[in-house]
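J.: Provided below are the primary sequence and the corresponding predicted coordinates.
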Amino acid sequence: MAILNSHFSFQTEGGQPALALGGHPNWYSRGTGIYSSIYPSVPLPTDPFLDVVSFVFSHRHNGISALTDYSSGCSISYSKLLLLVQHMASGLHHMGVSKGDNVLLLLPNSVYFPIVFLGVLSLGAIVTTMNPLSSMPEIKKRILDCGVRLSFTGFEKVEKLKILGISAIGVPETMNFDQTQVHFSTFYDLISGNYGMPPKPVIRQQDTAVIMYSSGTTGVSKGVVLSHGNFIAMVEVFVRFEASQYEYSPSTNVYLAVLPMFHIYGLSLFVLGLLSLGSSIVVMRKFDHGEVVKAIGRYRVTHFPAVPPILRALSEEAKGVGENDLESLKQVSCGAAPLSRKYIDEFLQVLPHVDLIQGYGLTESTAVGTRGFNTAKFQKYSSVGLLAPNMQAKVVDWNSGFCMPPGSFGELWLRGPGIMREYFKNPEATMMTVDKDGWLHTGDIVCFDKDGYIHISDRIKEVIKYRGFQIAPADLEAILISHPEILDAAVTAAIDEERGEIPIAFVVRRPGSLLSEEAVINYVAEQVAPYKKVRKVIFARYIPKSAAGKILRRELRSLLKSKL
């Protein structure tokens, strides 16, 4: 794309170029090509023996209600939250869970999600999260990959997981569950506080806290190893620092948790960061258009983190409700996928009083990257914001390897305290993603403008983003090729206005096969979570590949344009 190698001509109000030839702002070094945050550095804890759970609960605040279950209206106060986490840790210790053990959280949003998560981490054990809609083959693969010892899931999956040889604990959907039900008896025992206080394990900041799976820049899903130190930096830089930029007290904020807690976006906010501030979190099990508006009005929600499809749905719902129903809303933040100008304009038209910002982060950076910040001088709604404190960036021409100055596009490289330790048991992929100098090669094409705001244009990586969820084409391709009547296959993305991107499969049938599009779609659907389903199949004579056998995805996308 020619635009990716071109320069913006930024203008001041007087019409003169904002960046004189050869002149650069103090947050960009022409000599090194490094962009620094315009914010001052944030000091991070230096104690090497500090775990993120202790760190979160070490902060004093005036918060009262920590977690509210939207469906039942029941709440967990801040005065009880730490006690419940300690009970969970004690119960798990009694069950034999210890430092280094891997625990799978196969759960939708719940007020109990943070309690289980924090209880596991406080023992020095490791959490791996997973979409509860994942198929059994996907779950089995994760269990084998991580060496999962124990799992928490909905009661409907408990027996299925036991068949796979994994102990499973059923977690109730709401707080008003029947404690006598056999489905939830083990969970009730864990939070009842019957086992006393477990011995405090030695946990270092460098110890693994979580393994979350991401497609990264390319290829199949890989386990992102995140340490306690990574999460401590995320809480301090991504959440606490941002809160300090606003006049209102964080403990008066009410957040609506619709984003999944098993995803790094939701996890960083609702399971960890906001709990250190004393903010109130209203938890919805899943997104529902009408219920979101009701929740905002009923609980006087002030902050609503979202992804583009949810933001668009909110804009639509806002057109049909009274102004008072959404008057409490102060800010909507959007991430996980780019937000189109159309969506931005629609939102600003119906909710002009709400501060709309975008942000950028990756699983590999523990969600730390950028954050939007609107002021009287700047309202850059289409930007993903300013580089976070303690973070550095480069914008690199992917052909020449040269570092690009403000106004020029290139691949974004990030370096800072949130960058992952490694990909789990995958040193080759780690070296391809994080270089020897600690730079995370994101695969996303960006440029910095004259004020330090970052704009995303495109991405090199192959990952498909469906409603903010990542889909690795290689995962779907492996399933497709396993079909006895499919000779070869490739998957790419098609732009979809409502869902962001949808996976489209190019399939080469074996000679004589009459395999239909419906049969291919159903074959894949049986083996993946619903959001990963192939939405359309195009039968082709061949798959474009390089001499080395690598799928030429740019040619594939060009071919797709000619077919749609």
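T.: Good, I have the coordinates. It should be emphasised that the depicted structure is a prediction, and the values quoted were computed from it without experimental measurement.
J.: from here on, just use CA atoms for contacts and neighbour counts.
T.: Fine.
J.: ok, F469 - contacts?
T.: 336, 531 (C-alpha atoms under 8 Å, 6 or more residues apart in numbering).
J.: show me what it is bridged to.
T.: On the basis of DSSP bridges, F469 is bridged to Y466.
J.: so for it, what's the pLDDT?
T.: pLDDT, F469: 87.
J.: distance of it from V158?
T.: F469 is 25 Å from V158, where distance means C-alpha to C-alpha, to the nearest Å.
J.: give me the neighbour count for the residue nearest to C447 when sequence neighbours are not counted.
T.: Residue nearest to C447 in three dimensions, not counting chain neighbours: F409, with 4.6 Å by C-alpha to C-alpha, 6 or more residues apart in numbering. Neighbour count for F409, taken as other C-alpha atoms under 10 Å: 28.
J.: these two touch, right, F409 and K394?
T.: No: applying C-alpha atoms under 8 Å as the test, F409 and K394 come out as separate, 10.6 Å apart.
J.: can you give me the strands in the stretch 201-350 of the chain?
T.: Here the stretch 201-350 of the chain has its strands, by DSSP state E, counting those that start in this stretch, at 208-214, 222-227, 254-257, 280-283, 303-306, 331-334.
J.: can you redo those strands as TSV with distance to Y381?
T.: What follows is those, written out as TSV (distance: least, C-alpha to C-alpha, whole Å):
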stretch	distance to Y381
strand 208-214	27
strand 222-227	30
strand 254-257	21
strand 280-283	25
strand 303-306	14
strand 331-334	10
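J.: okay, now the unreliable bits of the chain?
T.: 1-24, 177-180, 217-219, 322-323, 547-549, 564 (pLDDT under 70).
J.: any idea how far apart the tips of stretch 410-429 sit?
T.: Start-to-end, stretch 410-429 (C-alpha to C-alpha) is 21 Å.
J.: buried residues in it?
T.: Burial within stretch 410-429, assessed by neighbour count using 16 or more other C-alpha atoms under 10 Å, is assigned to 410-424, 429.
J.: and A66, which of the three is it?
T.: strand (DSSP: H, G, I helix; E, B strand; the rest coil).
J.: which residues touch it?
T.: A66 touches 75-78, 81, 275, 278-281, counting by C-alpha under 8 Å, 6+ apart.
J.: what separates the residue nearest to C447 from P503, distance-wise?
T.: 27 Å.
J.: kindly state the beta-bridge partners for L386.
T.: R371, Y453.
J.: residue contacts, it?
T.: 37-38, 370-373, 452-454.
J.: apply 7 Å and report the result again.
T.: Neighbour list for L386: 370-372, 452-454 [criterion: C-alpha atoms under 7 Å, 6 or more residues apart in numbering].
J.: a markdown table for these, including distance to T128?
T.: Formatted as a markdown table, the contacts of L386 follow (distance: C-alpha to C-alpha, whole Å):
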| residue | distance to T128 |
| --- | --- |
| T370 | 25 |
| R371 | 26 |
| G372 | 29 |
| G452 | 35 |
| Y453 | 33 |
| I454 | 31 |
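J.: out of those residues, who's nearest L259?
T.: Among these, R371 lies closest to L259 (C-alpha to C-alpha), at 17.2 Å.
J.: hmm, the closest one is touching G359, no?
T.: Yes: here R371 reaches G359: they are 4.3 Å apart, a contact under C-alpha atoms under 7 Å.
J.: give me the common contacts of the two.
T.: 384-385.
J.: from S54, how far off is the residue nearest to C447?
T.: Between F409 and S54 the distance is 41 Å, computed by C-alpha to C-alpha.
J.: go on, A490?
T.: Distance from A490 to S54, counting by C-alpha to C-alpha: 46 Å.
J.: repeat that for S382.
T.: On the measure of C-alpha to C-alpha, S382 and S54 end up 37 Å apart.
J.: kindly report the same for I456.
T.: Taken as C-alpha to C-alpha, the span from I456 to S54 is 36 Å.
J.: same deal with N426?
T.: Noted for N426: a distance of 30 Å to S54, by C-alpha to C-alpha.
J.: likewise I169?
T.: Relative to S54, and taking C-alpha to C-alpha, I169 is found at 25 Å.
J.: higher neighbour count, these two?
T.: The neighbour comparison of I169 against S54 (other C-alpha under 10 Å) goes to I169, with 24 against 14.
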